[in-house]
Each structure stands twice: as structure tokens, then as C-alpha cells.
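S.K.: Using only what follows, build the 3D model:
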Amino acid sequence: MSPRPGAAIRGVHHIGIPVSSLDRSLAFFEQAFGLLPLFVGESSGPQLSEAVGVPDAHSRVALIEAPGGVGIELLEYVNPRGRAHDRANNDIGASHLCLQVDHIDQAASALEAHGVEFLSAPMTATTGELAGWRFAYFTDPIDGVTFELIQAPTG
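M.R.: Below you'll find the predicted structure:
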């Protein structure tokens, strides 16, 4: 096998999500998904500021490992505080984290009990490569960050 051109990616290590309150976001991930952090820490100083391109950066950070091994990094910038989330799904740079579940209707009901608002009820793709897959987008009740649930076709 010949080497791949450019940067040879081995996999996805983590997805970073800035949040307004690390404590509230950790509580949400634990209550809604049963996910606990692998670690919680703080970082500040010139190296962090240079690395993230944010002058005088001071952040609290936690890493949660989702099933399948992908990390979810929650970052609360203590200094400087960031702006509130204001991206629509079609805005350039807007992103979302998609979580695969076995039973989307049950998962949606459970999340609604934790204050989650879905953009629509779960839908089934009827055409294309994802025909038969079920999906639903929702926003978290703390910061309004967009997530998606997806369920593989059954049967």
C-alpha cells in the first residue's frame, strides 16, 4: 500500500464544543446520556493563547468519551468570555455532533425530559444513500448548540 498524500489521518480523537458553563454542560451530558468526564482541568498562559488564537485565554476543559471512542471536549472560556451561540445550521462554520442511537423515538423522549428541544420529530430519509436512516436535530437546553440523533435502518 502506498503512503497517503498530505496529512495521513488515523481517526477522530475528539470534537471540541465551547460552552457557557462547564458544570452545567457536564451535568447535562451525565443526566441526558449517562456520560461522565475522563478528566476535568484548567489551562491558561501564553502557550494556550497562542495555540487557540485567543489573547489572555483561560479555559476550563473536560473530556468525555462517547461510545465508539470519540471524545467530546467541553471548553468553558473563563477569560475572555465568548459570545452566545448564534449559528443557524446553514451558516458557514456551523457544526453539529451526530449521536447514533438504537431507538430514536425512545432517545428523543428521554432527551425531551431533560429540556431538549427538537427542531422536528424524528424523520426517515426516503431517498439516496441514507434511505431508511432515521434522524432528528435538536439543541441543547444550556447554550442552544445543535446536535443530531441518527438511527440505522432496522430489519
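S.K.: Could you pull up phi and psi at Pro37?
M.R.: Torsion angles at Pro37 (phi, psi; degrees, to the nearest 10) stand at phi -70, psi 150.
S.K.: The nearest residue to Val101 once chain neighbours are set aside: how many residues sit nearby?
M.R.: The shortest distance from Val101 to any residue other than its chain neighbours is 4.3 Å, reached at Ala107 (Cβ to Cβ, 6 or more residues apart in numbering). Yep, even glycine has a C-beta here, placed from its N, CA and C like the rest. Using other Cβ atoms under 10 Å, Ala107 has 21 neighbouring residues.
S.K.: Am I right that Ala107 sits in a strand?
M.R.: No. Under DSSP: H, G, I helix; E, B strand; the rest coil, Ala107 falls outside any strand and is assigned helix.
S.K.: in terms of contact, does Gly132 touch Met123 like I think?
M.R.: No. Proximity of Gly132 to Met123 does not meet the contact threshold set by Cβ atoms under 8 Å, at 11.6 Å.
S.K.: And the helices in the protein?
M.R.: 22-33, 46-52, 104-112 (DSSP state H).
S.K.: Can you point out the buried residues in the longest one?
M.R.: The neighbour-count criterion (16 or more other Cβ atoms under 10 Å) identifies Leu22, Ser25, Leu26, Phe28, Phe29, Ala32, Phe33 as the buried residues of helix 22-33.
S.K.: Alright, that wraps it up for me.
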